[in-house]
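J.: Dropping a prediction and its sequence here:
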Amino acid sequence: MTGIIVKGSFRFTKKERIAHPQDFRRIMKSGRRVSSRNFVLFMMKSENMFHRLGIVVKKEIGPATFRNRMKRLIREFFRLHKHQIRGRYDLILMVKKGCSINRYQEAEEELKGFFNI
RNA sequence: CGAGGGGAAACAGAUGGUCGCUCUUCUUGAGUUCCUGCGAAACAGGAUCUCAGGAGGGGAGGAAAGUCCGAGCUCCACAGGGCAGGGUGGUCCGUAAUACGGACUGCUCCGUUCUUCAAAAAGGACGGGGUAAGGAAAGUGCCACAGAAAAGAAACCGCCCCGUGAAGUAGGCUUAGCCGCCACUUCACAGGGUAAGGGUGAAAAGGCGAGGUAAGAGCUCACCAGUAUCCUAAGCGAUGAGGAUAGCUUGGUAAACCCCACCCGGAGCAAGACCAAAUAGGUUCCGUUUCUCCCCCGUGGAUGGGCAACUUUGCCUAUUCCGCAGGAGGGGGGUAAGAAAAGCCCAUUCAAAUUUGUCCCGGGGCUUCGCAUCGGGGCAGAGGCGGGACGGGUGAGGUCGCUUGAGACCCUGAGCAAUCAGGGCCCUAGAUAAAUGGCCAUCUCCAGAUUCCCACUGAAAAGCGGGAUCCGGAAGACAGAACUCGGCUUAUCGUUCCCUUCGUCAC
RNA sequence: UGGGGGAUCGUUCAAUGGUAGGACAACGGACUCUGACUCCGUGAAUCGAGGUUCGACUCCUCGUCCCCCAG
């Protein structure tokens, strides 16, 4: 977290999001799959010059407030750490059932394990 | 003072910094397309769109939730009437409307107090809570167990009357005994009257008393309770108060069927409208070709082979199971063999193909009518190919709908209130894999916790309250707009107020 | 988003408003040298709250959870 990075690079714009169902289907079917205690990561090489992120939180995870918080925490992590991820990938993060993360630091520690940061 | 329950109101941390998200306004740079400038190029101006930025402004809730009601809005359907189905149910008012709200009435429950009273219990007054609260006298059904009986009041026990028979008594006579008509008692039988009594049940056919009777009975009468009708005055009304009359009395259940009165077209913003594109097949129309034979593709059947779930049998094993041990059996492992139906793949072979119908002309055959066949032509039908139109299916985009509304806030007035009227002022979220977040600092905060001090109670231990300090803490509950409103219901941290219950202390 | 259905012993199914019943499983016993089969017995439940009713698994209201259908 040195301050050398160009201003504005911590943004999370619309084209960095995966929005179409066929993209989700393609990546989750043929991408690589890594899982940890509370998350599952699908990744696949992309032709774009940047990373893209999609988040999956099923309805069985919890009520709408909790689902929104999980999406915000994952988005915050991607926004702050996307420059430290090597390569150009399409990423999908899915939250597992029974997840009980409440604070950002817990999520950050666990997600760092995926990318060896 | 503390704890519990119920209700109401307000808030749902604040300030600053920083990194972001979304909408919108303005703007800078680059580029695409179009128009204008004599206009081909270059250049200039304007519009639209895309990308990369900059500045300003807005950005979740009291329940956004559940989807239980009611509407707006959109589309579809629609002559009129009825049936079916669904909903509502005291009265009046409010509202766009409601299964909502307010006030009142009835019923019911609780508390306080008064009266009768030994108590229980009953009644009155006041306060609070609940209430889906039309009809059981239109009809049908049900009311377990217990009980004589659970709904036409009848059967049973019981009570009573009359008759017959038997026994006995009082009594009589012709007195070892007999009679016993009339009278009485008991028993049995037959006929009749009765609903007082039967203490079971959640509920028992009005209650108490008097008359009356063979025994009884609202059979009659007085009082009381209840029903219906009428009258008087009160209230808009539900209804309550008083009086008269009648029949004398009617079980409960309609959140059982049902009856009565009133109301209801269906679907829902994933409604609906527009734009741009992809694909196999369907229906229909037109054109062409074939309907002799052959070939190819395709379809179906048969045979063979392969894949394989699986199944069965034989053999072996005892390192591991049940068993004290062994046999038998079961279970485990290994090996070998087999493999039904259906499925997929490959090879061979066979079959059906629409080898059509009708009319006209011509040739030959049968003695004629006529029939069969061959060739040509017309019409119809079927199949193939090409083209057009139509409707919808599948997967997946964009724009609009999309936030000014029965709107919020303040003041005044009307009304018991719900609410309404007038005036002022304001614009206050519009996402679509789905926007409000992360981090840091400070302030107040304490539901955790250390130590110390003070006050009260207490012999002490200790309890409780207040203050200071330190550590710690996620500012902590329920919870995230999805077309928009009005209600209802449910969830909920802390603070304040009101009501109520309990405990402790003091007077 | 709209519509429909359901929740009963550990599991799976019953039950005209009137004592919640089977089957499998569990436990105990009998039979057998032992096991299996069979027989006998025992325990165990109406999703939660409120209402109607003399009485509720059943009827009504609210809530929780689950399943199915359409797009």
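T.: Arrived safely, thanks for sending.
J.: On the three-state scheme, the residue nearest the centre of chain A is what?
T.: Nearest residue to the geometric centre of chain A (CA atoms, centre = their mean): A:L93, 4.7 Å. Here A:L93 is recorded as strand under DSSP: H, G, I helix; E, B strand; the rest coil.
J.: That one: what's it in contact with?
T.: Listed by CB atoms under 8 Å, 6 or more residues apart in numbering, the contact set of A:L93 reads A:F39, A:V40, A:L41, A:L53, A:G54, A:I55, A:V56, A:I74, A:L111. (C-beta placed from N, C-alpha, C; glycine too.)
J.: Now, of those residues, which are buried?
T.: A:F39, A:L41, A:L53, A:G54, A:I55, A:V56, A:I74, A:L111 (16 or more other CB atoms under 10 Å).
J.: From these, which land in strands?
T.: Among those, the members falling in strands (DSSP state E) are A:F39, A:L41, A:L53, A:G54, A:I55, A:V56.
J.: export those residues to JSON lines and tack on pLDDT and distance to A:R103?
T.: Converted to JSON lines, those look like this (pLDDT from 0 to 100; distance: CB to CB, whole Å):
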{"residue": "A:F39", "pLDDT": "81", "distance to A:R103": "15"}
{"residue": "A:L41", "pLDDT": "83", "distance to A:R103": "20"}
{"residue": "A:L53", "pLDDT": "83", "distance to A:R103": "21"}
{"residue": "A:G54", "pLDDT": "82", "distance to A:R103": "23"}
{"residue": "A:I55", "pLDDT": "82", "distance to A:R103": "18"}
{"residue": "A:V56", "pLDDT": "80", "distance to A:R103": "21"}
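J.: Please list which of those are also close to RNA strand B.
T.: Among these, the residues lying close to RNA strand B (CB under 7 Å from any atom of the strand) are A:G54, A:I55, A:V56.
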